[in-house]
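> Next input, structure requested:
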Amino acid sequence: MVEHMDKLALVREKAAQVRDLEHEIENLEQRLADKKSELFDLCHIQLPGLMDEIGINSIGIAANGNMPAINAVLRPFYRANIGKTWSEERKAAAFDWLTNNGFGDLIKTEVVMKFPREQFKKAKKILAELSKKKLNPELSQRVHNQTLTAWLREQIEQGHSPPLNLLGAEIGRVVILETKDDEQWPNNQLT
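Just a heads-up that it's a prediction; the model follows:
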């Protein structure tokens with residue numbers, strides 16, 4: 001009976017340990033999300049604004065302890081993504097705009113067929129028939145986000161103004177940190 005009670009206490013202790021670890025992980029994940037939000041605000045909003053105010057595009061920061069010397073550089077920022085979770089109407093509107101404006105080649109069409117497990121033989125038969133015709137069975141339309149982002153950058157740099165909201169796009173400026181040797185970037189170098 002005593003051994004049973006000892007094991008019962010051990011089970012409670014281990015269950016409490018699981019609870020405590022889950023709680024600690026949740027707290028760490030929230031802290032990480034908060035830090036990422038703070039970093040985004042600094043790099044995308046605060047630093048670009050401050051650097052614009054004083055008219056600089058970069059600033060050197062000397063090494064400090066185990067932190068390397070860096071150069072904080074203001075760069076253009078582009079992001080575009082026709083989201084997988086968008087409604088079919090919203091996706092269609094984005095694809096239509098790209099097609100109607102001569103950029104339909106960015107859109108990739110795929111054909112995908114899904115069968116329940118009990119129709120595996122039927123699926124293999126259809127696959128074989130399509131393969132004989134040198135076709136690959138999948139169907140969906142998408143534009144890879146890196147392709148769309150590169151296209152957006154090119155369009156903006158050429159002076160064009162594509163509809164940002166329609167294409168899930170945003171542009172702006174961001175501060176990027178470049179690590180350099182201390183001799184290359186003296187403290188407070190401005191450019």
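> my read is residue 60 is in a helix, agree?
No: assigned with DSSP: H, G, I helix; E, B strand; the rest coil, residue 60 falls outside any helix and is strand.
> And the strands in the chain, which stretches?
Across the chain, reading from the start of the chain, the strands by DSSP state E fall at 58-61, 70-80, 108-112, 138-142, 169-179.
> by contact count, what packs against the first one?
Read it as strand 58-61. Using 3 or more CB pairs under 8 Å, 6 or more residues apart in numbering; DSSP states H and E as the contact definition, the elements that strand 58-61 packs against are strand 70-80. Using the backbone N, CA and C atoms, a C-beta is placed for each residue, glycine as well.
> Mind listing what's buried along the strand it packs on?
By neighbour count with 16 or more other CB atoms under 10 Å, strand 70-80 contains the buried residues 70, 71, 72, 73, 74, 77, 78, 79, 80.
> what about residue 170, distance to residue 114?
Relative to residue 114, residue 170 is positioned 34 Å away (criterion: CB to CB, to the nearest Å).
> From the neighbour counts alone, determine which of those two ranks first.
residue 170 (15 against 6; other CB atoms under 10 Å).
> My understanding was that that one contacts residue 81; is that so?
No: in this structure, residue 170 sits apart from residue 81 without contact. The criterion is CB atoms under 8 Å, and the distance is 9.5 Å.
> Average pLDDT for stretch 148-166, rounded please.
Across stretch 148-166, the average pLDDT comes to 95.
> how about it as PDB, C-alpha atoms only?
Extracted in PDB, the C-alpha atoms of stretch 148-166 (Å, rounded to 0.1, in the frame of the first residue of the first chain):
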ATOM      1  CA  LEU A 148       5.100  37.900 -56.700                       C
ATOM      2  CA  THR A 149       7.300  39.900 -54.300                       C
ATOM      3  CA  ALA A 150      10.100  40.100 -56.900                       C
ATOM      4  CA  TRP A 151       7.600  41.200 -59.500                       C
ATOM      5  CA  LEU A 152       6.300  43.900 -57.200                       C
ATOM      6  CA  ARG A 153       9.800  45.200 -56.500                       C
ATOM      7  CA  GLU A 154      10.500  45.400 -60.200                       C
ATOM      8  CA  GLN A 155       7.200  47.200 -60.900                       C
ATOM      9  CA  ILE A 156       7.700  49.800 -58.100                       C
ATOM     10  CA  GLU A 157      11.300  50.400 -59.100                       C
ATOM     11  CA  GLN A 158      10.100  51.000 -62.700                       C
ATOM     12  CA  GLY A 159       7.600  53.600 -61.500                       C
ATOM     13  CA  HIS A 160       4.500  51.500 -61.800                       C
ATOM     14  CA  SER A 161       1.800  51.300 -59.200                       C
ATOM     15  CA  PRO A 162       0.000  48.000 -59.000                       C
ATOM     16  CA  PRO A 163      -3.000  47.600 -56.700                       C
ATOM     17  CA  LEU A 164      -1.400  46.700 -53.500                       C
ATOM     18  CA  ASN A 165      -4.400  45.600 -51.500                       C
ATOM     19  CA  LEU A 166      -5.800  43.500 -54.400                       C
END
